[in-house]
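Predicted model, plus sequence, below.
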Amino acid sequence: MIKFDRSILEFWNDDKLNNYMLTIQYDGTNYAGWQIQNNASTIQQKITDSIEVILKEKINLIGSGRTDTGVHALGQIANFRSENEIDLYKFKYSLNAILPFDISIIDIQKVNPSFHARFDAKKRSYIYLFSKFKSPFFIKYSYYYHGKVNCDLLNELSKNFLGEKDFTSFSRKNSDTGNKICNIYEVRWKETKGMIIFKIEADRFLHGMVRTIIGTLLKAVNEGENYIENVFTQKDREAAGEAVPPNGLFLFKVKY
């Protein structure tokens, strides 16, 4: 028997409602991730509650994907449907006035009734920041990594992650996602004056996948390329490296 998510059914059953797309930035430090959870403060819940206060109606906010506890976003995309015809300028101003300072609505657009922030997304990209020195201004948004980072070597090792592969070893063991196949289009390391920047783009990401890939690559600098091949082959999270801390990770962009 095929099971349909309630939000999908609601989304498809009534194309008379107005559909609105939000571009969102947030500091994830004080939240248990994007997705609504019992007894936890989440980004999705904060935005949903604020929208419902303004519109005085229940809405279903659909995000392009989950971000984990402590992870930030520069370009999260979400959509919701409403009976109201919204004045976009006034609504954006009012919503930002209600939301806490660590969540911001950058843009709002009225979109096609069929648009779905999650299922219509073609590519998603993340960046991860390493600070090269201890700074009180970087501590919340980067990982002060004590080891040496060789970007040339890491870029070479990163080629092992490109293409369509089974990322079971890089997903949390308790993940409820059955399909572990992802297609990675880009993995790149770049050094700047004060930071190391890691960027990755794929069609989809599994729970904890990006931080585990980074930790595995850092370990592979000492273990060698065969280590990465072995991690993929074993299909076991314990074979991969330790995940880097969440504070350096940002959902960067979603492409449709």
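Great, that's in hand.

Now do the spatially closest residue to Lys110 that is not a sequence neighbour: how many residues are near it, please.
Nearest residue to Lys110 in three dimensions, chain neighbours excluded: Tyr20, at 5.8 Å (C-beta to C-beta, 6 or more residues apart in numbering). Quick note: C-beta positions are derived from backbone N, CA and C, even for glycine. Tyr20: 22 surrounding residues under other C-beta atoms under 10 Å.

Other residues contacting the host helix or strand of Tyr20?
For Tyr20, the host element (DSSP states H and E) is strand 18-26. Strand 18-26 has contacts (C-beta atoms under 8 Å, 6 or more residues apart in numbering) with 43, 47, 72-86, 102-115, 117.

Val244 in helix, strand or coil?
coil (DSSP: H, G, I helix; E, B strand; the rest coil).

Surely Leu217 is in a helix?
Yes: counting by three-state DSSP, Leu217 falls inside a helix.

how about it, what does it touch?
Leu217 neighbours (C-beta under 8 Å, 6+ apart): 154, 157-158, 228, 241.

so where's the chain shaky on pLDDT?
1-15, 175-176 (pLDDT under 70).

Would you map the strands across it?
With DSSP state E as the criterion, the chain has strands at 18-26, 62-63, 72-82, 103-111, 123-131, 143-144, 163-166, 181-191, 195-202, 249-255.

Select, out of these, the one closest to Val210.
strand 123-131 (5.0 Å; C-beta to C-beta).

And that closest one, what's buried?
124-131 (16 or more other C-beta atoms under 10 Å).

So which of those residues is the closest to Leu218?
Checking the buried residues of strand 123-131 one by one against Leu218 (C-beta to C-beta), the nearest turns out to be Phe130, at 9.6 Å.

For the closest one, give me its contacts.
Taking C-beta under 8 Å, 6+ apart as the criterion, Phe130 is in contact with 142-145, 149, 195-198, 248.

ditto for Phe80
19-20, 22, 48, 51, 59-62.

can you pull up the bridge partners for it?
Tyr20 (DSSP bridges).

mind starting the numbering at 14 from now?
That works, and once the first residue is 14, the last one we named lands at Phe93.

Could you check how far it is from Leu87?
For Phe93, the distance to Leu87 (C-beta to C-beta, to the nearest Å) stands at 21 Å.

swap in Lys103?
Taken as C-beta to C-beta, the span from Lys103 to Leu87 is 25 Å.

Tell me which of the two has more neighbours.
Using other C-beta under 10 Å as the criterion, Lys103 and Leu87 rank with Leu87 on top: 16 against 10.

Wait, the more buried one touches Phe263, no?
Yes: with contact defined as C-beta atoms under 8 Å, Leu87 counts as touching Phe263 (5.2 Å).

shared neighbours, these two?
Ile140.

now the contacts of Phe143 in TSV, with distance to Gly221 and neighbour count?
Shown next, in TSV, are those (distance: C-beta to C-beta, whole Å; neighbours: other C-beta atoms under 10 Å):
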residue	distance to Gly221	neighbour count
Ser155	19	23
Tyr156	15	22
Tyr157	21	15
Tyr158	18	16
Val162	21	16
Met208	23	18
Ile209	21	21
Ile210	20	16
Phe211	15	26
Gly261	14	27
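
out of the residues you listed, who's nearest Gly41?
Distance ranking of the contacts of Phe143 against Gly41, using C-beta to C-beta, places Gly261 first at 11.2 Å.

And the closest one, how far from Gly46?
For Gly261 relative to Gly46 (C-beta to C-beta), the value is 16 Å.

Repeat that for Tyr139.
Relative to Gly46, and taking C-beta to C-beta, Tyr139 is found at 14 Å.

any idea how this structure splits into domains?
Residue ranges for each domain of the chain read 19-124, 136-268, as given by automatic domain parsing.

Excluding covalently adjacent residues, which one is nearest to Ile116?
Closest residue to Ile116 apart from its sequence neighbours, by C-beta to C-beta, 6+ apart: Tyr39 at 4.5 Å.
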